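Student: Sharing a model that was predicted from the sequence below.
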Amino acid sequence: MLVFFYSMEQHQHILHLLKCLDLEDQEQAKRYQLDEQHSLKSLKSEGLAIHPLRVTRKSFGYAEYPEISFRIGFPLETSNFKDGMAIECFCQGEESVKGILLSFDGRQGEFRLFAPDFPDWIEDEGVGIKLTPDIRTSTLMRKALNEIQLNKRIENLFNQTHSEELHFEHKALKIDPKITFLNDSLNESQKAAVTGILENQEVAIIHGPPGTGKTTTLIEAIVQLVKKGEKVIVSAPSNTAVDNLAKGLIDKRINFLRVGNNTKVDVEIFPFTPEGKLIESKQDKEIKKIRIRADEMRKMANQYKRRFGKDEREQRNLLIKEVKSLRQQIKQIQKYNEEKLFDEANVILGTPIGLMDDQIAKTEFNTLIIDEAGQCLEPLAWCIFPLAEKIVLAGDYLQLPPTVLSDKAMQLGFNKSILECSFGKFEDVYLLNTQYRMRASIAQFSNNYFYQGRLQTPENLIAIGEHIIFYDTAGTGYEEEQGPDGSSLSNKGEIELAQKIIELGTCKADGTAFISPYSGQVTLAKEALPKALRCSTIDSFQGQEKETIIISLVRSNGENSIGFLKDYRRMNVAMTRAKEHLIIIGDSATLANDPYFDSLLNYLETIGAYKTAWEIMH
């Protein structure tokens, strides 16, 4: 292990990250604020507010927080609303209440309020939710950065991550013959990666390009680590990625615990959450009795309406105080139950923030695995690095980086993930070298451009036929349009072309996804295209796949400006989602001035995948 010492350079790196955090906090505060400068209309147009919404159900959740299910009656730009994000529930003329978004699928969702009870106005007209700065996450990241120098092992890791002189390539395939692999279908590179994880003493990196079976590899490694007697902690920046790994462990008979935002986890995973494991236990019966008393107190408190006198207000406050006390009793029982579950589990899974629990800090883990590490902000990783002796980072730094709101912070490199920071700085780097998702003609361009042709495709996916088509809109007059209030770009002509492609029976709606870099285009598509067809931004679709993908590139202008299409990693994600058919719609006259898109257009012409939009529109 390389040993580093505290230096002014290390101090500067920490200060740099803290500065970026400040910039990001400032941008969040400015962007999400509802005031005279930022009207509700502008927040809605930017996809930062959902209003109005209709409450469909109210209940009290695991820790006795109020939880609200809702629907919206018409399409809104909502791609910014992701599970686990901080929100505020508001109603004009009332004091807003902070909370967290539990789930949202574009038309209906659920959120939790950090309050003892539902606001009196929750079912009034004009109720909405808006995104709000995530203060808890920022606070935890700051704390982690400020404490790096207090832990020698973490300090050494930080220094190595930020060193300049170390450059390691992918390791040659090496498989330990003593390992009995439980999954017979693993290929040589996957077995080598599992071997690397089992032999890891510090940091191992699993480089998993699209479709190369990264999740399958990690599941095998986790099972092998447990078999070896290790206690494992598993994390990922999104709840979806955590749940994918949890599902993979279910049929492996591993005793695992899924922690964090588990109110809307898959039915399959619920029995492995603290709440699911609590059901039918002695503690569960005790909690039910306390909840009945709490409900009685709430009903009595709710008899007092919003406009009442001093005596009634005091009585209501006493009742609410009693509800809080009962809730605290429930939390204590749940905490006691969770302490036992943490001790008994071989594997604990959660997002980095979901893992920030007092009990986690008291538990000793041998290995920490971070999946989708290419989307994990560096300071977020330092929050959980101290939890285990050994670390595994898995992902692909050549796909989309973490989302950062502040342009200034982005210019300072704040959107550089922990995987990108670490790549080439640690010796144990393992490439998963065979992709099983897509036809060879779909995979080939990204393979050549991003992965130096290292990726292989199995024989059964090497087939002749039209698996990729580019429809060129040059000369059609299908130009991009700016949305109202300067919001996201769209291109109605490209939507019409997508409609025509679907009408011609080129693809089945339920097996197709329409994706675009621009949320404005996705909003239009949701209104115009069949309901069975999934419409999403490219960023939101990372990690997913469909039989057929239609990509609408939107940009078409006389200045040949392509905006954030310049981040070619976004195109790498877009072009590697399709399994059977990839259809790209774009304007070659605007795109071809960029070297990446010029290379792409040349490739498409070479394989006979180029067509003009006129061929199907007239």
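Tutor: Structure's in. What do you need? No experiment lies behind these values; they were computed from the predicted model shown.

Student: Who are the contact partners of Ile68?
Tutor: Counting by CB atoms under 8 Å, 6 or more residues apart in numbering, Ile68 touches 55, 57-58, 89, 110-113, 118, 122. The C-beta positions use only the backbone N, C-alpha and C, and glycine is treated the same way.

Student: buried subset of these?
Tutor: Among these, those classed as buried by neighbour count (16 or more other CB atoms under 10 Å) are 89, 110-113, 118, 122.

Student: Save the contacts of Ile68 as CSV, and put in pLDDT too.
Tutor: Formatted as CSV, those follow (pLDDT from 0 to 100):
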residue, pLDDT
Val55, 95
Arg57, 93
Lys58, 92
Cys89, 96
Glu110, 92
Phe111, 94
Arg112, 93
Leu113, 94
Phe118, 89
Ile122, 93
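
Student: tell me which of these is nearest to Leu349?
Tutor: Arg112 (20.2 Å; CB to CB).

Student: Mind putting the contacts of Ile68 into TSV with distance to Phe158 and secondary structure?
Tutor: Below are these laid out as TSV (distance: CB to CB, whole Å; DSSP: H, G, I helix; E, B strand; the rest coil):
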residue	distance to Phe158	secondary structure
Val55	46	strand
Arg57	46	strand
Lys58	46	strand
Cys89	39	strand
Glu110	38	strand
Phe111	36	strand
Arg112	34	strand
Leu113	37	strand
Phe118	45	coil
Ile122	45	coil
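
Student: which among the residues you listed gets closest to Leu604?
Tutor: Nearest member of those to Leu604, counting by CB to CB, is Glu110, at 43.1 Å.

Student: separation between the closest one and Ser69?
Tutor: Distance, Glu110 to Ser69, using CB to CB, to the nearest Å: 5 Å.

Student: again, but for Ala525
Tutor: Taking CB to CB, one finds Ala525 at 26 Å from Ser69.

Student: more crowded one of the two?
Tutor: The neighbour comparison of Ala525 against Ser69 (other CB atoms under 10 Å) goes to Ala525, with 24 against 17.

Student: And the residue nearest the centre of the protein?
Tutor: Most central in the chain under CA atoms, centre = their mean is Ser238, positioned 3.5 Å from the mean C-alpha point.

Student: Let me see the confidence value for it.
Tutor: For Ser238, the model assigns a pLDDT of 88.

Student: Relative to Gln544, how far out is it?
Tutor: 11 Å.

Student: what's near enough to touch Ser490?
Tutor: Residues counted as contacts of Ser490 (CB under 8 Å, 6+ apart) are 480-481, 483, 518, 520-521, 523-524, 554.

Student: Can I have the buried ones of those as a PyMOL selection?
Tutor: Entered in PyMOL, the line below selects the buried ones among those, by 16+ other CB under 10 Å:
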select buried, resi 480+483+518+520+521+523+524+554
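
Student: now for the contacts of Ser490, which pair is the farthest apart?
Tutor: Maximum pairwise distance among the contacts of Ser490 (CB to CB): 14.3 Å, between Glu480 and Thr523.

Student: Please report the distance of the residue lying farthest from the centre of the chain from Pro116.
Tutor: Farthest-out residue of the chain from its mean C-alpha position, per CA atoms, centre = their mean: Asp311, at 48.9 Å. When CB to CB is the yardstick, Asp311 and Pro116 sit 21 Å from each other.

Student: just Gln499 next, same as before
Tutor: 50 Å.

Student: repeat for Asn200
Tutor: With distances taken as CB to CB, Asn200 is found 46 Å from Pro116.

Student: cool, and Ile384?
Tutor: Taking CB to CB, one finds Ile384 at 31 Å from Pro116.

Student: Looking at those two, which one has more neighbours?
Tutor: Using other CB under 10 Å, the more surrounded residue of Ile384 and Pro116 is Ile384, with 24 against 17.

Student: What secondary structure category should be reported for that one?
Tutor: Secondary structure assignment for Ile384 (DSSP: H, G, I helix; E, B strand; the rest coil): helix.

Student: To what extent is Ala578 buried, counted in neighbours?
Tutor: The number of residues packed near Ala578 is 27, by other CB under 10 Å.

Student: Got the confidence number for it?
Tutor: 97.

Student: was I right about it contacting Gln544?
Tutor: No. Judged on CB atoms under 8 Å, Ala578 makes no contact with Gln544 at a distance of 10.9 Å.

Student: Would you mind writing the CA trace of the least confident helix or strand in the chain by mean pLDDT as CSV?
Tutor: Ranked by mean pLDDT, DSSP states H and E, the helix or strand of the chain with the weakest confidence is helix 358-362, at a mean of 75. Provided in CSV are the C-alpha atoms of helix 358-362 (Å, rounded to 0.1, in the frame of the first residue of the first chain):
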residue,chain,number,x,y,z
ASP,A,358,-26.1,5.7,14.0
GLN,A,359,-26.2,1.9,14.0
ILE,A,360,-24.2,1.6,10.8
ALA,A,361,-21.3,3.5,12.3
LYS,A,362,-21.3,1.0,15.2
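
Student: So for it, what gets flagged as buried?
Tutor: For helix 358-362, by 16+ other CB under 10 Å, it's Ile360.

Student: Ok, stretch 569-589 next?
Tutor: Buried residues in stretch 569-589, defined by neighbour count with 16+ other CB under 10 Å: 569-588.

Student: just stretch 396-410 next, same as before
Tutor: Per 16+ other CB under 10 Å, stretch 396-410 contains these buried residues: 396-402, 404-406, 409-410.
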